[in-house]
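[1] just a sequence and a predicted model for now, questions to come.
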Amino acid sequence: MAFHKYIHSRDKAIPDTKMNGWLALSPLFVFLGIYLVSSIVAKDFYRVPIAAAFVIASAYAMVITRGAKGMEGMLGIFSKGAGNSTVLLMVWVFVLAGAFAATAKNIGAIDATVAFTLKILPGKLLYAGLFLAACFISMAIGTSVGTIVALVPIAAGIAEQTGTSLPFITAIIVGGSFFGDNLSFISDTTIAATRTQGCSMRDKFRANIFIAAPAALAVAAVYVFKGASVDFIPAASDVQFIKLLPYILVIGLAVAGVNVVNVLGTGIIVNGVIGLCTGGGLIDWMSSIGEGISGMSELIVITMLAGGMLEMIRHNGGLDFIIDRLTRRVSGKRGAEFCIAALVGLANFCTANNTVAIITAGPIAKDIGGRFGLAPHRVASILDTFSCFVQGIIPYGAQMLMASELADVSTMSIIGCLYYPMALCIVAVMSIIFRFPRQNVCGGAAAGGTQL
């Protein structure tokens, strides 16, 4: 049956007056064009607010929309997408994740994690130890930028003491930071990938770990070989182990399959209790919650704007059109997965933000996955993995810019020494070609359902 007759299960009826497919899809190109061109002109991909590009593209989508009864009708279509259950659940998770991260930082959990990691750093395995430290910390705190901020200054000092290349040792930290950004239960990318696909974080993690772990182990082995002749003894420091508890608790509960809202809520409460026990106050805890939520405000707005714009594209037939074009010559799951990888990679190149790329490409990827019978957690894993890879090779990404500034080296010199994103891409491509992990590893195509 011709694919133009394919109708997604969420659409009860497709109007007969569908516009030309490229015109229906044009708001997405308007968004990418405005953001990409304005960022190039400004010579800074973080000077131009992504929300502004979404607003302009959404206004354009309203102008070209057919079948809506005036402005009220167009706003109704937009609001249907901006306020659907998937978007709002994602917003709630972002709110809680921001509050958890800020309250954990307020009680000194990040400092305690860094101190613990350096304390157990093996003296004769400096490079591998730093890489694994970055992997562990990024997994615990759920942010690659936060890991870079915490560890790059330390790595720069180590480079000076040992005579190691500064771009090389900076790249070790940056590579390890992407490990947790791709896997952590409190990472923006994990939240976005799982929510857009309606699967559980546990199932996505179990699928993703079979890709990320081999890549990380291979890179660690390279660092063991390259650093065998280097000897370094880290400075002794006291570790407040009680402050490691929030991260250990969150990871443990999430792996056990507890709903992420309950996980993050519990973590926020535990942070408050630890803060009170270590000299903090109730006002400090509440202030941190507010700061954490405020820190997520732009991402929340972007998520809702993206949801609204994509609903208008869907209303006009754009999503059916792009799925048809992407999958026209695809005859199986491998081709569908490569389509999804290319889609999120292109979005990431244009936005320099892996979370926004996943939010933008996620609904389209879900439709492709539904047509070809891909498990939701598998699609979520592909989205997160390939967006992570692209984010690791673009010199204008936040991670590269931050590491470059802290280490005072060029972004290109860091990328030239960066191993992990490349290894991750190779393993991810192999996982598509050789079909691993099998879907039944995570309980079949329906694993996770709509669980958070």
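    Everything's here; your move. The structure presented is a predicted model; accordingly, all values stated were derived computationally and were not measured.

[2] and the helix ranked longest in the chain, how far out from the chain middle?
    Determined from DSSP state H, the single longest helix within the chain is helix 201-226. Offset of helix 201-226 from its chain centre (Cα atoms, centre = their mean, to the nearest Å): 16 Å.

[3] same question, stretch 352-371
    Here stretch 352-371 is found 11 Å from its chain centre; the criterion is Cα atoms, centre = their mean.

[4] so in the chain, where's the weakest helix or strand by average pLDDT?
    helix 109-119 (a mean of 77; mean pLDDT, DSSP states H and E).

[5] which other helices and strands contact that helix?
    Judged by 3 or more Cβ pairs under 8 Å, 6 or more residues apart in numbering; DSSP states H and E, helix 109-119 is in contact with helix 126-141, helix 144-162, helix 245-255. C-beta coordinates here come from the backbone N, C-alpha and C atoms, glycine included.

[6] what about I137, how many residues close to it?
    I137 has 28 neighbours, counted by other Cβ atoms under 10 Å.

[7] ok, now how distant is it from F225?
    Using Cβ to Cβ, to the nearest Å, I137 is found at 23 Å from F225.

[8] what of S387?
    From S387 to F225 the distance is 30 Å (Cβ to Cβ).

[9] G318 now?
    In terms of Cβ to Cβ, G318 sits 50 Å off from F225.

[10] these two: who's more crowded?
    Between G318 and F225, counted using other Cβ under 10 Å, G318 has the larger neighbour count: 25 against 10.

[11] in space, what's closest to the more buried one - neighbours in sequence excluded?
    Closest residue to G318 apart from its sequence neighbours, by Cβ to Cβ, 6 or more residues apart in numbering: A24 at 3.5 Å.

[12] same thing with T351?
    Nearest to T351 is A357, by Cβ to Cβ, 6+ apart, at 5.5 Å.

[13] that neighbour contacts A342, correct?
    No - applying Cβ atoms under 8 Å as the test, A357 and A342 come out as separate, 11.8 Å apart.

[14] what is the mean pLDDT for the longest helix of the chain?
    Throughout helix 201-226, pLDDT has a mean value of 94.

[15] follow-up on the earlier one: pull the contacting residues for the residue nearest to G318.
    K18, I64, I313, N316, G317, G318, F321 (Cβ atoms under 8 Å, 6 or more residues apart in numbering).

[16] low-confidence ranges in the stretch 251-400 of the chain?
    Within the stretch 251-400 of the chain, the stretches falling below the threshold (pLDDT under 70) are 255.

[17] before we move on, what about the stretch 51-200 of the chain?
    Residue ranges of the stretch 51-200 of the chain with pLDDT under 70: 123.

[18] make it 80
    66-69, 86, 90, 110-111, 113-124, 149-150, 153-154, 157-158, 160-162 (pLDDT under 80).

[19] does the residue nearest to T103 when sequence neighbours are not counted sit in a helix or strand, and which one?
    Distances taken as Cβ to Cβ, 6+ apart put N271 closest to T103, at 3.8 Å, once the chain neighbours are dropped. Assigned by DSSP states H and E, N271 belongs to helix 260-277.

[20] which strands and helices lie in contact with that helix?
    helix 85-106, helix 245-255, helix 282-295.
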